[in-house]
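Enquirer: Okay, predicted coordinates and the sequence, questions at the end:
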Amino acid sequence: MVFLNRKNRKKVFISLFPKRKGGGANSFSFNISRWIRENSDKYVLVTNILKSDFAVIIAHKAEYDEVSAAKSKGTFIIHRLDEYFSEAEEEFRKEKHRYIIKLNKLSDVTVYQSNFVFNNVQPYLNAGNYKIILNGADNRRFYPGPSFGEYIGHVSWSYDHRKGFNRLHDIINRYPSEKFLLVGNHHKTGIDFRHKNVKFIKAVTRSKMPLLYREMKALFLPSENDPCPNTAVESVLSGVPVCYNPVGGTQEIVQDCGCSIDRFDVFLNNLCEYRKNCFKRDDLHFDKVAEKYMDIYGHYDE
């Protein structure tokens, strides 16, 4: 019976192999791959899309001809999107988004990572079948420490100006009595973050991030038009309230576990209450997120 079950496992292809460092799509790929391996009685990862029963295509990270060939052979295609489209973009981003639109025509179901992504991207795709699924993180790794950390944190692997580094620099200047922990590539932004109240940690491997979150008492996340940042998910699961930019999908993740950046003093004065709310957020456990993806395929495979 065990042999039969393993023989009948569904073959899953993930279009991105995760790096040891970085967030975004890398974190999702790492988590979904881990989850599939842990549920090896039902699923098995394959590296060839042509041998898969269903595939999760992450944004533009797939070869069109390979996806098309797999689709012709009967592979079920889920297209996961964590993007922000704009007419006022540099050409390389427009080219990327044109390719996403082309790939999406092969998908059976489009998964938008937040309502913000749906409202922004759906007019470009006009996807017939879609789901909105917030991202999650591994709650066995990201969990609250016994007490507050001492730092206001900021985590960013990107050094794109849209991440709000100027706002971060302004907050650091305005609150010299607070300690700040900056994790990522801040040294590449062109902004001088060297202040007495700032501790730097350059980009680290994924395995070290849970410990760094537990050194924080809060996360400052001023990124504008951020579709669904993993840093917010990981922070909330770590019991670390988030002060976020309301323009984007971040507030859909944070909910009552923080407030917007225009109320920073209110945020600092209510950290205890926000932290208590973080403890309730089992909807961000990645196991539940992964099951939603599997349910999409299961619904159409019946």
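Expert: Done, it's in.

Enquirer: give the contact list for Thr47.
Expert: Contact analysis of Thr47 by C-beta atoms under 8 Å, 6 or more residues apart in numbering lists Phe13. Every C-beta, even on glycine, is put in place using the N, C-alpha and C of the backbone.

Enquirer: Using PDB, write down the CA coordinates of stretch 194-213.
Expert: C-alpha atoms of stretch 194-213 as PDB (Å, rounded to 0.1, in the frame of the first residue of the first chain):
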ATOM      1  CA  ARG A 194      26.200  55.400   9.400                       C
ATOM      2  CA  HIS A 195      24.700  56.800  12.600                       C
ATOM      3  CA  LYS A 196      25.500  56.000  16.200                       C
ATOM      4  CA  ASN A 197      22.100  54.400  16.700                       C
ATOM      5  CA  VAL A 198      22.400  52.100  13.700                       C
ATOM      6  CA  LYS A 199      23.600  48.500  13.600                       C
ATOM      7  CA  PHE A 200      24.300  47.000  10.200                       C
ATOM      8  CA  ILE A 201      24.100  43.400   9.100                       C
ATOM      9  CA  LYS A 202      24.700  42.800   5.400                       C
ATOM     10  CA  ALA A 203      22.700  40.200   3.400                       C
ATOM     11  CA  VAL A 204      22.700  36.900   5.400                       C
ATOM     12  CA  THR A 205      21.500  33.400   4.700                       C
ATOM     13  CA  ARG A 206      17.900  32.600   5.200                       C
ATOM     14  CA  SER A 207      18.700  30.400   8.200                       C
ATOM     15  CA  LYS A 208      19.900  33.400  10.200                       C
ATOM     16  CA  MET A 209      16.900  35.600   9.700                       C
ATOM     17  CA  PRO A 210      14.700  34.200  12.600                       C
ATOM     18  CA  LEU A 211      17.300  35.200  15.200                       C
ATOM     19  CA  LEU A 212      17.600  38.700  13.800                       C
ATOM     20  CA  TYR A 213      13.800  39.200  13.900                       C
END
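
Enquirer: what's next to it, contact-wise?
Expert: Stretch 194-213 is contacted from outside by 20-22, 26-27, 30, 141-143, 149, 151, 153, 155, 157, 172-173, 175-187, 193, 219, 234-235, 238, 240, using C-beta under 8 Å, 6+ apart.

Enquirer: Which of these are buried? Put it as a PyMOL command.
Expert: Per 16 or more other C-beta atoms under 10 Å, the buried members of the contacts of stretch 194-213 correspond to this PyMOL selection:
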select buried, resi 22+26+27+30+141+142+149+151+153+155+157+172+175+178+179+180+181+182+183+184+186+193+219+234+235+238+240
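
Enquirer: In stretch 97-111, which of the residues would be classed as buried?
Expert: Applying a neighbour-count criterion of 16+ other C-beta under 10 Å, one finds His97, Ile100, Leu103, Asn104, Leu106, Ser107, Asp108, Val109, Thr110, Val111 buried in stretch 97-111.

Enquirer: Could I get those in TSV, plus columns for pLDDT, distance to Asp41 and secondary structure?
Expert: Formatted as TSV, the buried residues of stretch 97-111 follow (pLDDT from 0 to 100; distance: C-beta to C-beta, whole Å; DSSP: H, G, I helix; E, B strand; the rest coil):
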residue	pLDDT	distance to Asp41	secondary structure
His97	95	39	helix
Ile100	97	34	helix
Leu103	98	31	helix
Asn104	98	32	helix
Leu106	98	30	coil
Ser107	97	27	coil
Asp108	97	25	coil
Val109	98	24	strand
Thr110	98	29	strand
Val111	98	24	strand
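
Enquirer: of those residues, closest to Ser72?
Expert: When the buried residues of stretch 97-111 are ranked by distance to Ser72 (C-beta to C-beta), Leu106 comes first, at 9.6 Å.

Enquirer: Contact partners for the residue nearest to Glu89 when sequence neighbours are not counted?
Expert: What sits nearest to Glu89 in space, not counting adjacent residues and going by C-beta to C-beta, 6 or more residues apart in numbering, is His97, at 7.5 Å. With contact set as C-beta under 8 Å, 6+ apart, His97 has these partners: Glu83, Phe85, Glu89, Tyr124.

Enquirer: One more: Tyr300?
Expert: Taking C-beta under 8 Å, 6+ apart, we find Tyr300 in contact with Phe76, Asp108, Val109.
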